[in-house]
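S.K.: what follows is a predicted structure for the sequence shown.
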Amino acid sequence: MADKKIRVLVAKPGLDGHDRGAKVVARALRDAGMEVIYTGLRQTVDQIVEAADSEDVDVVALSLLSGAHNTLFPEVVEGLKKKGMNDVLVIGGGVIPAADIPGLEAAGVKAIFTPGTPTKDIIDFIKANV
Amino acid sequence: MEFSMKDFWNGSRRALARAITIVENEQDGYEEIMKEIYHHTGRAQVIGVTGAPGAGKSTLSDNLVKFYRKMGKTVGVCAIDPTSPFSGGAILGDRIRMNDLTLDQGVYIRSMGTRGSLGGLSRKTADAVKLMDAWGLDVIFIETVGVGQSEVDIVKNADTTLVVLVPGLGDDIQAIKAGILEIGDVFTINKCDRDGADRLNVEIEMMLDLGEAQDWRPPIERTIANEGKGIEDVVNGLNEHRKYLEESGLLEERRRERVRTEMAEMIHDRISRHVMQEITETGKFADYVERVYERQTDPYTVVDSIVGNIFK
Ligand code: B12
Ligand SMILES: Nc1nc2c(ncn2[C@@H]2O[C@H](COP(=O)(O)OP(=O)(O)OP(=O)(O)O)[C@@H](O)[C@H]2O)c(=O)[nH]1
Ligand SMILES: [Mg+2]
């Protein structure tokens, strides 16, 4: 049997136009042997959930630098649950104040990576948790 | 999530998505899935979309899907992007152009990496298409990776192949003639907002004149995909070709040929896997390599004896 490849949806929810971080992460994950589905800017929560469903991804990786993470990240987690995708690993990154992280983790986002994170940490985390 | 064929037949998208994953990775049970669905395939109209990188294949597909949706059809899209030969990973970005379709429950889009295949598709594209077909989608688009001239596997998988060209590539048309021009059932000159469409049109016509005269003369349409222009003409071209395939009997011929190549490939796969497993597990292969390397024997003799032994 062939190795199952890790499939990751890298998504940018909301109106945030900062996409460098998402692209850096997408490339790093590709170089680590993962299949990365990138859907571009300005995705609604419903679009992210539907794409994750159709693409049958193992990981949903959300990137947000605009400050709307406290509402949007938990909504994505909820949406996935409603679809019956409880086993999908949800992680996030971007400009996120340390004080917000415990709340996001309690809402089901398994890890948050802030500016300056070496991409290796992200790769290691995904490989250890899918 | 537990996968069940019952959910699949009940129309669950989750189940379709998971079935494709299982088959793509050849996970346990994938052959059972393919066996069960096979009898329900052959209903969908399968359309290949191919062309150079960045020609507008995804943007065009997005528009074509919308058009078929308006005609009341359900649509599947299988979008292929290249897998990095170094890492085995891939960035699958075709969906960026299809975001409008994401929430439409009559559309199912799946991105796939080539995973080592060189023909512009992945080895499991055909199976993914069969799953979509059996699941009940009426029309299925396959978007190939951006192709040059030799990645023409699409013809083996699609009923109708749409080749997307763009003006302004100058003499490049000469370079691509050998490959993708020959596989087009319908052409479209996309990015017609740029100069050079007339010239390209003439060039394609000339290329077509060079080929053997056939019953079907591929129409050459013109589109500006990012403005949604010319889409209806392409759809008409595709439907005309569909009609021609059916009336001429060529559809059956192509599909029969598909069964033939597919089975030949499966036999080839199965046998080579069996042989390689046999000789690597016993450690014989390493021995042979060493002896050939030392010039004690030659590869021809060795292969004769290996294969001869297995197929006594
Ligand atoms: C470059 C930049 C821009 C560029 C963006 C170019 C682009 N295409 O991305 C431009 C100039 C366009 C821009 C515009 C704006 N920006 Co700006 N911008 C920045 C800046 C300086 C750097 C961001 C960046 O690219 N970093 C490099 C990348 C590689 O790092 P990263 O995104 O942080 O990603 C890393 C990690 O966060 C993590 N990560 C990120 N995403 C993900 C996702 C996952 C899944 C994982 C695991 C990890 C992960 O991993 C990455 C690698 O370590 C930041 C300040 C800063 N230092 O962060 C401000 C900043 C983000 N911008 C800011 C603002 C306010 C704006 C504007 C609103 C300004 C304005 N008033 O017009 C506009 C809005 C644009 C829009 N449409 O959304 C604020 C946001 C404030 C906030 N969140 O409360 C910041 C923080 C500046 C500040 N201190 O005020 N900006
Ligand atoms: N000017 C112009 N741009 C277009 C047209 N059609 C598509 N584009 C743009 O061309 C770029 C590439 O389009 P895609 O649809 O991603 O092309 P593709 O062939 O799918 O690309 P790959 O999948 O990467 O090979 C995008 O920026 C589109 O907006 C057109 O008719 N005119
Ligand atoms: Mg594309």
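M.R.: Perfect, I can see it now. Ligands and ions are numbered 1, 2, ... in the order given.
S.K.: hey, let's count contacts and neighbours off CA atoms from now on
M.R.: Will do.
S.K.: in the chain, mark out all the helices, start to finish.
M.R.: You didn't pick a chain, so chain A it is. Taking DSSP state H, the helices of chain A run over residues A:20-31, A:45-55, A:69-82, A:101-106, A:119-129.
S.K.: you looked at the wrong chain, it should be chain B
M.R.: Under DSSP H, chain B gives helices at B:5-9, B:13-24, B:30-38, B:57-70, B:125-135, B:154-157, B:172-176, B:182-183, B:197-210, B:231-248, B:250-281, B:284-293, B:299-310.
S.K.: worst mean pLDDT among those?
M.R.: The minimum mean pLDDT among the helices of chain B belongs to helix B:172-176 (a mean of 61).
S.K.: dump the residue contacts of the residue of chain A at minimum distance from chain B.
M.R.: Here chain A gets closest to chain B at one residue, A:Gly33, 3.7 Å apart by C-alpha to the nearest C-alpha. Taking C-alpha atoms under 8 Å, 6 or more residues apart in numbering or on different chains, we find A:Gly33 in contact with A:Lys5, A:Ile6, B:Ser87, B:Gly88, B:Gly89, B:Ala90.
S.K.: tell me the phi and psi of the spatially closest residue to it that is not a sequence neighbour?
M.R.: What sits nearest to A:Gly33 in space, not counting adjacent residues and going by C-alpha to C-alpha, 6 or more residues apart in numbering or on different chains, is B:Gly89, at 3.7 Å. The phi/psi pair for B:Gly89 (degrees, to the nearest 10) reads phi -90, psi 180.
S.K.: how close does B:Gly89 get to A:Leu72?
M.R.: 28 Å (C-alpha to C-alpha, to the nearest Å).
S.K.: neighbour-wise, which of these two wins?
M.R.: Comparing B:Gly89 with A:Leu72 by other C-alpha atoms under 10 Å in any protein chain shown, the one with more neighbours is B:Gly89, at 26 against 17.
S.K.: pretty sure the more buried one is touching A:Arg30, no?
M.R.: Yes: the pair B:Gly89 and A:Arg30 passes the contact test of C-alpha atoms under 8 Å, sitting 4.3 Å apart.
S.K.: between these two, what contacts are shared?
M.R.: A:Val36.
S.K.: up against ligand 1, what does chain A have?
M.R.: Taking C-alpha under 6 Å from any ligand atom as the criterion, the neighbours of ligand 1 within chain A are A:16-22, A:24, A:61-63, A:65-67, A:91-95, A:113-119, A:122.
S.K.: so among those residues, which ones count as buried?
M.R.: The neighbour count (16 or more other C-alpha atoms under 10 Å in any protein chain shown) marks A:16, A:19, A:21-22, A:61-63, A:65, A:91-95, A:113-114, A:119, A:122 as buried among the residues of chain A next to ligand 1.
S.K.: returning to that earlier point: tell me which of the helices of chain B sits nearest to ligand 3.
M.R.: With C-alpha to the ion as the measure, helix B:57-70 is the member of the helices of chain B nearest ligand 3 (4.1 Å).
S.K.: so who does the nearest residue to B:Tyr108 once chain neighbours are set aside touch?
M.R.: Nearest residue to B:Tyr108 in three dimensions, chain neighbours excluded: B:Gly76, at 4.7 Å (C-alpha to C-alpha, 6+ apart). Residues counted as contacts of B:Gly76 (C-alpha under 8 Å, 6+ apart) are B:Val107, B:Tyr108, B:Ile109, B:Arg110, B:Met132, B:Leu137, B:Asp138, B:Val139, B:Ile140, B:Phe141.
S.K.: if I look at the third one, how far off is B:Met132?
M.R.: Here the distance between B:Ile109 and B:Met132 works out to 10 Å (C-alpha to C-alpha).
S.K.: those two: which has the busier surroundings?
M.R.: Applying other C-alpha under 10 Å to B:Ile109 and B:Met132 shows that B:Met132 carries more neighbours, namely 27 against 21.
S.K.: now do the same contact list for that one.
M.R.: B:Leu16, B:Gly76, B:Ile140.
S.K.: bridged to the last one, which residues?
M.R.: According to DSSP bridges, the partner residues bridging B:Ile140 are B:Val46, B:Gly76.
S.K.: quick one: contacts for it?
M.R.: B:Ala44, B:Gln45, B:Val46, B:Ile47, B:Val75, B:Gly76, B:Val77, B:Cys78, B:Val129, B:Met132, B:Asp133.
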